[in-house]
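Student: the following block contains a protein sequence and its predicted model.
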Amino acid sequence: MTKQIRAIAAMLAGMIAVVILSSSLYIAAEADHDCRGEDCVICAQIAARENTLRELACAVIAAAAVAGLTYAFVDSVSYGTRPYTGNTLVSLKVKLSN
């Protein structure tokens, strides 16, 4: 099951990378186009691709925040279940000589 999830995650990351790259390249290539006014198809496509990039950025930020909060919560919950590893004379390697 984990290999399947990894494959799906890799495909999803690849598709997101393709969308980001193609949108950025299209915006860069058509930045200096000959605009025809309000009904310009290229301007509409540029606006749609900018909106897509903006939404992807928000999604990535939200996912990073959720992952960070989840890690912090799990770490704080598991802190109480960790075994006590107090210092002993043996762990400190203290020589007991008279």
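Tutor: That came in fine, so what should we check first?
Student: C-alpha from now on. contacts and neighbour counts both.
Tutor: OK.
Student: so for the biggest helix by length in the chain, what gets flagged as buried?
Tutor: Ranked by residue count and defined by DSSP state H, the top helix of the chain is helix 41-79. For helix 41-79, the buried set under the neighbour-count rule, 16 or more other C-alpha atoms under 10 Å, comprises Ile42, Cys43, Ile46, Arg49, Glu50, Leu53.
Student: who does that helix touch, helix- and strand-wise?
Tutor: Under the contact criterion of 3 or more C-alpha pairs under 8 Å, 6 or more residues apart in numbering; DSSP states H and E, helix 41-79 touches helix 2-29.
Student: give me the helices and strands touching the helix it packs on, please.
Tutor: The contact analysis (3+ C-alpha pairs under 8 Å, 6+ apart) places helix 2-29 against helix 41-79.
Student: now do the helix it packs on against helix 2-29, angle only.
Tutor: Orientation check (axes from the mean of the first three to the mean of the last three C-alpha atoms, to 10 degrees): helix 41-79 against helix 2-29 gives 140 degrees.
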